[in-house]
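Novice: Provide a 3D model corresponding to the input given below.
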Amino acid sequence: GWLSNFNTWNKKVWIIGISTNLRLEKEYIRFYRSIAKKIFDRKGTIRERPENNVSEFIFGHKFLLKYLNEELHFPIGKKENLKIDQIICDLGFDNLKYVIRGIFDTDGSFYLGKNRKGVHIYPIISIHMNEPILIKQLYETLKNEGFKVNYDEKNKMVKIKGKYQLKKW
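Specialist: I've put the predicted structure just below:
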């Protein structure tokens, strides 16, 4: 998702956007729309961009956008030097794990690696992104929670390997 604000010819516009896979997640976008209507009394707009395989739900909400930006430090516009804000980290791992799950949902993967016989049976969870501060923060958080996690600085990724770690995840 994203946050955006801009000036039109007569007023400032505050936009919150959520994007999903056009083919696989059509129901999610409708669900987000119903939540925005129930919680924020905003109808919003759903746009489909077939050339990018994206469906977007966008709605305006100045106070929610300002809260996300000013209180939780979500960036407006282009995202750079991302990190989980200290306010969220201070909530403890029982809450932070949901943020990590959300990051995994967008930037993570699960696959089976090969064992020594070349058979794909070894579970691997990885998160890869071009945000070195955030990926290092994920590594430190998971490590502090007792996960056996690998950090690959060059490729900007973390990996959790093995059945025991998968169960713990």
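
Novice: Enumerate the positions of stretch 73-90 that are buried.
Specialist: By neighbour count on 16 or more other Cβ atoms under 10 Å, the buried set for stretch 73-90 is 74, 76, 82-84. To be clear about C-beta, it is placed using only N, CA and C from the backbone, and glycine gets the same treatment.

Novice: Now secondary structure too, for these, in JSON lines please.
Specialist: JSON lines is the format used below for the buried residues of stretch 73-90 (DSSP: H, G, I helix; E, B strand; the rest coil):
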{"residue": "Phe74", "secondary structure": "coil"}
{"residue": "Ile76", "secondary structure": "coil"}
{"residue": "Leu82", "secondary structure": "coil"}
{"residue": "Lys83", "secondary structure": "coil"}
{"residue": "Ile84", "secondary structure": "coil"}
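
Novice: Serialize those to CSV and add fields for pLDDT and distance to Val119.
Specialist: Below are those laid out as CSV (pLDDT from 0 to 100; distance: Cβ to Cβ, whole Å):
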residue, pLDDT, distance to Val119
Phe74, 85, 43
Ile76, 88, 48
Leu82, 84, 37
Lys83, 88, 39
Ile84, 89, 37
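
Novice: If we only consider the residues you listed, which is nearest to Gln165?
Specialist: Ile84 (20.9 Å; Cβ to Cβ).

Novice: pretty sure the closest one is in contact with Gln137, am I right?
Specialist: Yes - the pair Ile84 / Gln137 is scored as a contact, 5.8 Å apart, by Cβ atoms under 8 Å.

Novice: which residue packs closest to Lys148, ignoring adjacent ones?
Specialist: Excluding its sequence neighbours, the residue lying closest to Lys148 (Cβ to Cβ, 6 or more residues apart in numbering) is Gln165, at 5.7 Å.

Novice: same question, Leu166
Specialist: Leu166's closest residue in space is Pro123 (Cβ to Cβ, 6+ apart), at 4.5 Å.

Novice: And the helix or strand the one you found falls within, what does it pack against?
Specialist: Secondary structure assignment for Pro123, by DSSP states H and E: strand 120-128. If you count contacts as 3 or more Cβ pairs under 8 Å, 6 or more residues apart in numbering; DSSP states H and E, strand 120-128 packs onto helix 93-107, strand 108-114, helix 132-144, strand 157-161, helix 163-168.
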